[in-house]
Structures are given as structure tokens and as C-alpha cells.
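Asker: Next comes the sequence, and after it the predicted model I'd like to discuss.
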Amino acid sequence: MRLGVAGPVGTGKSSLIGLLCRQLADELSLGVITNDIYTDEDARMLRAAGVLDPARIRAVETGACPHTAIRDDVTMNLLAVEDLERDFAPLDLVLVESGGDNLTATFSPALVDAQIFVLDVAGGGDVVRKGGPGIGRADLLVINKTDLAPHVGVDVGLMTKEGRLARDGRTVIPLSRTDEESVAQLREWVLRILDRYRTGRHVALDPGPMAPHVHADGTVHSHQDAESDHTHDRTDEHDGSGGGSNVGHPGRVASVR
């Protein structure tokens, strides 16, 4: 199974992957692919931490916006994953880390079978209410670094509750690597979805299309409606970074098949 890990810069994606490697390496055959725009920093950090055989950790330097390489044209990552799978077959689980991106980042189902979206309390307790396809429809939302909450004035219970509301009740795990109970919850979730994958009960879904939203004039609109004649004056209207992404919009190829 290929498991994607996405989320904004600094939310702890690499640390989460390192945590999973430590928790699962004794019982599963693992591999890791990291993404950075111009460096292999995340891969070097994981190798130095000794979480896996260094040869099982491969780096992709995307040279472009991170979500381009995990969603729009997944070729670089797909080749890296397939090389890793060939070199260490059979693998049970490959963890694919996105470069740090904004709230629009999601993986193509052509690249991963399931995906985790990572936020952290230091980003602000209100970020779960800002939504986006990763928060709303990834297989799992992790609210990371909960041990920092008292220092940044965040109510973890409220943030978790609002995360579940934003996800229509789908799973949210508040996580701290210093909290054994939350680490166990994450480990159990991964093993459970891996079991569902192995037994054919898990289907990779594309969380990419934008969620229904309301415009300034009060119009409610959903990009999931392929027949919609709705248009925007600006191509960057739904991109949290203002960078012009139109991921999930009609007319744009969102995944490689």
C-alpha cells in the first residue's frame, strides 16, 4: 500500500513518518519517498535518524510547486516509488511525503492508495475551519504537536471537534510523539487501513475537487458538478497561496491513469 502524507510547511510530516517507521519497522517491510523542491533535506534527516535502512529512503526534488509532483504530474514520484518497490520487493507499505504545501494539497489516487493530511497546533486553532480538500476529505486528519498547545493558546479538544465537523465525522487524531496513547492510535489506524487494503475493502478515493463554497453574492457552488457553467474571473480564487492553482477544476487533468 502507498500512503501519502501531505500538509503545510512545518506541520511535522517528516517527524510523523519517522514515528511510523519506528513503530512499524519490526513487523512490516517499509519504504519512504520524500519530496522537497530544491533539496533532499527531509530524506537526509530520516536517514540520519536511523528509522530505516538508508537505502529504503529515497528523495525526489520536484523543482516546482509541491502539489504539482503529487497530483498534477506524478511521474517523478511514481518512478521513484516503483524503483523502491522493485529494489526491496515485497514491500508492505511505502510512505510518500509531499513537500510542504498549502491547504489545497492532495495526492493523486494514481500515486497513493490512502492519504493523511497533517496540521499542527502552532498553525492556529482556527485552521481546521478554513477547510480545503485535504482537511475535508483525506482518509485521516492528524492534528500534530498537541504538547505545544498550552504554549500557543490552542484548545486541542475544540480543534479536534471542529476538525471532525469539517470532515463530516471522519477520523481525526490529535497527536504528540510524547503521548503514547495518541501514537498507538496512529499506529492502529495505519494497520487497520493496511488490512482493508490487503483484503480489497479499501478503495482509493480522490479528495481533490473543491468542497462546496459560498461566494460574496450568496451563491452556493460546487466544483463537483461537471455540468456547471460557473466561471471565475481569477484563476487563483480558490488557491490558499494565491499561486493560481486550479486543482480539481473542470478542464484540468487532475491525475495520471
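Answerer: Here it is on my side, so go on.
Asker: hey, let's count contacts and neighbours off CA atoms from now on
Answerer: Noted.
Asker: all helices of this structure, in order?
Answerer: 13-24, 41-49, 66-67, 75-88, 127-130, 133-137, 149-152, 156-166, 180-198 (DSSP state H).
Asker: and the third one, what does it pack onto?
Answerer: Using 3 or more Cα pairs under 8 Å, 6 or more residues apart in numbering; DSSP states H and E as the contact criterion, no secondary-structure element is in contact with helix 66-67.
Asker: Renumber starting at 256 from here on
Answerer: Sure, I'll start numbering at 256, so the last one becomes helix 321-322.
Asker: what mean pLDDT would you report for it?
Answerer: For helix 321-322, mean pLDDT rounds to 84.
Asker: how about the helices of the chain in a markdown table, adding distance to Asn357?
Answerer: Shown next, in a markdown table, are these (distance: least, Cα to Cα, whole Å):
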| stretch | distance to Asn357 |
| --- | --- |
| helix 268-279 | 13 |
| helix 296-304 | 18 |
| helix 321-322 | 9 |
| helix 330-343 | 19 |
| helix 382-385 | 11 |
| helix 388-392 | 9 |
| helix 404-407 | 21 |
| helix 411-421 | 17 |
| helix 435-453 | 23 |
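Asker: tell me, which of those is the model least confident about?
Answerer: Among the helices of the chain, helix 321-322 scores lowest, with a mean of 84.
Asker: burial count for Val367?
Answerer: 23 (other Cα atoms under 10 Å).
Asker: and it, what does it touch?
Answerer: Met256, Arg257, Leu258, Gly259, Val351, Ala459 (Cα atoms under 8 Å, 6 or more residues apart in numbering).
Asker: redo that, cut-off 10 Å
Answerer: Applying Cα atoms under 10 Å, 6 or more residues apart in numbering, one finds that Val367 lies in contact with 256-260, 325-326, 333, 336, 349-351, 459-461.
Asker: one step back: most packed of the helices of the chain?
Answerer: Among those, helix 388-392 has the highest mean neighbour count (mean count of other Cα atoms under 10 Å), at a mean of 26.
Asker: Now find how far off-centre that helix is within its chain.
Answerer: 9 Å (Cα atoms, centre = their mean, to the nearest Å).
Asker: Give me the packing partners of that helix, helices and strands only.
Answerer: With contacts defined as 3 or more Cα pairs under 10 Å, 6 or more residues apart in numbering; DSSP states H and E, helix 388-392 has these neighbours: strand 369-375, helix 382-385, strand 395-399, helix 411-421.
Asker: possible to save the ones you listed as a markdown table with distance to Thr454?
Answerer: Formatted as a markdown table, the helices and strands packed on helix 388-392 follow (distance: least, Cα to Cα, whole Å):
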| stretch | distance to Thr454 |
| --- | --- |
| strand 369-375 | 15 |
| helix 382-385 | 32 |
| strand 395-399 | 19 |
| helix 411-421 | 27 |
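Asker: Of these, give the one that comes closest to Arg341.
Answerer: Nearest to Arg341, of all the helices and strands packed on helix 388-392, is strand 369-375, at 20.5 Å by Cα to Cα.
Asker: Touching, Gly259 and Asp368? I think so.
Answerer: Yes - using Cα atoms under 10 Å, Gly259 is in contact with Asp368, at 7.8 Å.
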